[in-house]
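> okay, predicted coordinates and the sequence, questions at the end:
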Amino acid sequence: MSIILWFLCLGSILALVLSYSNTTQFYIGSYFKINGFTLLVWTTVTFFSAIVSTYSKTYLNGFKYHNMFTLISFVFTISVMALVASNHLVPFLLSWLAMGLATSRLIGINADWGEARESSKYARRFFLSSSLLLSAGTLSLAFNSKSLLISDIIENIDSLSNEIIIVSALLIITGAIIQSAIFPFHRWLMSAMTAPTPASALMHAGFVNGSGIVLALFATLLFSSHTMEILFVIGGLTAIVAQFTKLIQTTVKQKLACSTVAQMGFMIMQCGLGFFNAAIVHLILHGFYKAYLFLSSGEEIEMLVPKNNPKIKISFIQAIAVLLYGVAGAGLFVLLTGKGNELDSSIFLTLVVAITVGQMTYNIVKAKVLSVAQRVVIPLLLFFGGITVYAFIFNTITHVMSDMPMVVNAVPLNYIHIIFGIIFLIGFFIMKLGVYKNTPWLYVKLLNASQPYKKTVLNLKKQH
C-alpha cells in the first residue's frame, strides 16, 4: 500500500508540473473535473498518506489492527482525491461522507479499547451532522439552479434568490466548520486522542483541512451571500481561544490538538478576508508542520524535562528590536506578495505577519546561548528566508488556482477587521506576559472549554 501511495504521489507531482504553464481543465464525463487545484490537493494528500503509511509499518508493527488501519487510511486518501475532483454533487457528497466515516473508524481503530469506541461514536455524530448540513446546502442550490453539476451551480448563483443563497451558504459553512473542529464544534477533535499517532498525523494534516477545500470551491456563493464577515469572526474567535487553551494543556497530543484548532480558525479567517488562495497555502503548510509534530511526538516526550517557566522580562532595547523586525518582516511580506499595500482586508494578514516575526525575534533575543551579533543577524536571516519561501509558495499556488473564480478577492476593510486586529495585539501581549495564569476564572473557563467528551477519557475500568 505504501508503494501504491508513493506512485500516486509521484504521478500527481508530475502531472502538476506538466500542467503548471497550462491552466486549462478537463472533465471526465460530467462527474469529475481535473485542474491545477485538483492536482495540487492530490499531491499534498498522497504525500502525507504515503509518509504515514511508511511510518506506520514500523510504528504499528505487531498491532492487531494494523492491516485495517492501512486499508482505512487508503480509503480516506481516495475519498479526498475524489472530493476535490468532483464536479457532480453525488460523488462530492459521498466523498465527504466517506472521509468522515473513515476518520471516525481510525479514531476508534483499537476496537478492544472502550474509550476508543466511544471516541469513534462521538466523532461520527459530528461527521454525519456535517454531511447532512453540507448536503442540505448544496442540494438546495442544485434544486433551484436545476443542475447537480457544481460548475453549473456556481455559474448560476446570481440567478437565485437571496434567501436561497444565504440559507445555502450558512448550511455549507456550518457543515464545513464542524469537520475542521471550529468552536463550538471542537470537542470531537479534543476527544480523538484514542487514535494511534499515525492516524492523528493523517487526521490533523489532511482531514481537518477539508473545510478550506469546500469553501474555496464555493467562494462565489460566499461572496454572493455576504457571509464573509461571519467566516472571519468565527475563525478569529477560534484562533484566539484555541491558542490560549493550548497554553494550559499538560499533554503533548492535547497541545497539538489545540494548536490544530487554532490553525484551522486562522484558515477560516483567511477565507473570510477573501484570500482563499492564502487559506490553501496555510492548509498545505499546516499539513507538513502538524504531520511532523505528531510523528515526532514520541521523541519529544522522551526528551521532556520538567522545569519552571521563566518570568517574562524584556529590556527596552529588546522591545525596540522586536518592533523593528516585526515592521521589517511585514514590509517584506507586502513587497513579495502584494498583500497589504491597499486599504483592504489584506492589511490584517500583514499584521499577523508582523506579530509572527515579532514573536520569533523575541524568542531569539531572549536566548542566552546566542551572542549579541547572533541575536541581530539570525532574526534577519530567518524572517527574510521564511517570508521569501512563503511568497514563492503563495504565488505558485495562486497561479495554480487562477482558473477558479473569486479565490483572490480582498474584501473592503471595515470596523470588524480593525476590532479583531486590536484584539489580536492584546491577545499576543496577554499570552506573552502570562496574564491568564493570574486570572483564575479565565483559566478555569479555558480549561473546561478544552476538555474531551467525558466518555472518551479513561473511565471504563471494567474493560481493562
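Structure received.

> count residues in the vicinity of residue 423, would you?
Applying other Cβ atoms under 10 Å, we find 13 residues neighbouring residue 423. No exception for glycine: its C-beta is placed from N, CA and C like everyone else's.

> for the residue nearest to it when sequence neighbours are not counted, what is the enclosing helix or strand?
Leaving aside its chain neighbours, residue 423 sits nearest to residue 240 (6.7 Å; criterion: Cβ to Cβ, 6 or more residues apart in numbering). Remark: residue 240 resides in helix 228-247, with elements defined by DSSP states H and E.

> so residue 33: helix, strand or coil?
Using DSSP: H, G, I helix; E, B strand; the rest coil, the structure places residue 33 in strand.

> so what's it bridging to?
Here residue 33 sits in beta bridges with residue 27, as judged by DSSP bridges.

> tell me how many other residues crowd it.
20.

> do residue 157 as well
Neighbours around residue 157, by other Cβ under 10 Å: 21.

> ok, it - contacts?
141, 145, 165, 220-221, 224 (Cβ atoms under 8 Å, 6 or more residues apart in numbering).

> re the thing from before, other SSEs contacting the next helix or strand after the helix holding residue 240?
Per DSSP H and E, helix 228-247 leads on to helix 252-272 as the next helix or strand towards the C-terminus. For helix 252-272, the packing partners by 3 or more Cβ pairs under 8 Å, 6 or more residues apart in numbering; DSSP states H and E come out as helix 187-190, helix 197-202, helix 210-217, helix 228-247, helix 276-295, helix 297-303.

> inside helices: which ones of the contacts of residue 157?
141, 145, 165, 220-221, 224 (DSSP state H).

> one step back: helix 210-217 and the helix holding residue 240, what's the angle between them?
160 degrees (axes from the mean of the first three to the mean of the last three Cα atoms, to 10 degrees).

> returning to what we had before: how much space separates the residue nearest to residue 423 from residue 143?
38 Å (Cβ to Cβ, to the nearest Å).

> more neighbours: which of those two?
Higher neighbour count among residue 240 and residue 143: residue 240, with 23 against 12, using other Cβ under 10 Å.

> now that one: how far from residue 230?
For residue 240 relative to residue 230 (Cβ to Cβ), the value is 16 Å.

> now residue 64
Using Cβ to Cβ, residue 64 is found at 45 Å from residue 230.

> again, but for residue 20
Distance, residue 20 to residue 230, using Cβ to Cβ: 34 Å.

> the two: who's more crowded?
Remark: of residue 20 and residue 230, residue 230 carries more neighbours, 16 against 13, as counted by other Cβ under 10 Å.

> find the nearest non-adjacent residue to that one, please.
Nearest residue to residue 230, sequence neighbours excluded (Cβ to Cβ, 6+ apart): residue 173, at 6.8 Å.

> the one you found and residue 229 touch, don't they?
No - under the criterion of Cβ atoms under 8 Å, residue 173 makes no contact with residue 229, lying 11.6 Å away.

> which one's more surrounded, those two?
Taking neighbours as other Cβ under 10 Å, residue 173 and residue 229 compare with residue 173 leading, 28 against 14.

> tell me which element the more buried one is part of?
helix 162-179.

> check which helices and strands that helix is in contact with.
On a contact count with 3+ Cβ pairs under 8 Å, 6+ apart, helix 162-179 meets helix 114-145, helix 210-217, helix 219-224, helix 228-247.

> pLDDT-wise, which helix or strand of this structure ranks last?
In the chain, no helix or strand scores lower on mean pLDDT, DSSP states H and E than helix 297-303, which sits at a mean of 62.

> next structured bit after it?
helix 316-337.

> which of the residues in that next one are buried?
By neighbour count on 16 or more other Cβ atoms under 10 Å, the buried set for helix 316-337 is 318, 321-322, 325-326, 328-330, 332-334, 337.

> for stretch 85-100, same thing?
So stretch 85-100, judged by 16+ other Cβ under 10 Å, has buried residues 85-89, 91-100.

> please narrow those residues to those residing in helices.
Using DSSP H, the buried residues of stretch 85-100 in helices are 85, 89, 91-100.

> nearest to residue 244 among those?
When these are compared for distance to residue 244 (Cβ to Cβ), residue 100 wins out at 28.1 Å.

> that closest one touches residue 129, doesn't it?
No - counting by Cβ under 8 Å, residue 129 is not a contact partner of residue 100; they are 9.5 Å apart.

> please report the distance of residue 424 from residue 350.
Computed as Cβ to Cβ, the residue 424 to residue 350 distance reads 12 Å.

> now do the strands in the stretch 301-450 of the chain.
Read by DSSP state E, counting those that start in this stretch, the stretch 301-450 of the chain holds no strands at all.

> show me where it has its helices.
In the stretch 301-450 of the chain, the helices defined using DSSP state H, counting those that start in this stretch lie at 316-337, 346-365, 372-400, 415-433, 440-449.

> mind listing residues that contact the second one?
Contact with helix 346-365 is made by 266, 270, 273, 275, 278, 314, 318, 321-323, 325-330, 333-334, 339-340, 370, 375, 378-379, 382-383, 387, 410, 413, 417, 420-421, 424-425, 428, 432, as judged by Cβ under 8 Å, 6+ apart.

> host element of the nearest residue to residue 84 once chain neighbours are set aside?
The shortest distance from residue 84 to any non-neighbouring residue, by Cβ to Cβ, 6+ apart, is to residue 41 (4.4 Å). Residue 41 belongs to helix 36-59 when elements are defined using DSSP H and E.

> tell me the contacts of the nearest residue to residue 284 once chain neighbours are set aside?
Using Cβ to Cβ, 6+ apart and skipping the chain neighbours, the partner closest in space to residue 284 is residue 44 (5.3 Å). By Cβ under 8 Å, 6+ apart, the contact list for residue 44 reads 206, 283-284, 287.

> quick check: the farthest pair among those residues?
206 and 284 (10.4 Å).

> look at the two and report which has more neighbours.
Comparing residue 206 with residue 284 by other Cβ under 10 Å, the one with more neighbours is residue 206, at 27 against 22.

> correct me if wrong, but that one is in a strand.
No - assessed with three-state DSSP, residue 206 is helix; it does not lie in a strand.

> wait, it sits on residue 288?
No - Residue 206 lies out of contact with residue 288 (Cβ under 8 Å); the separation is 11.2 Å.
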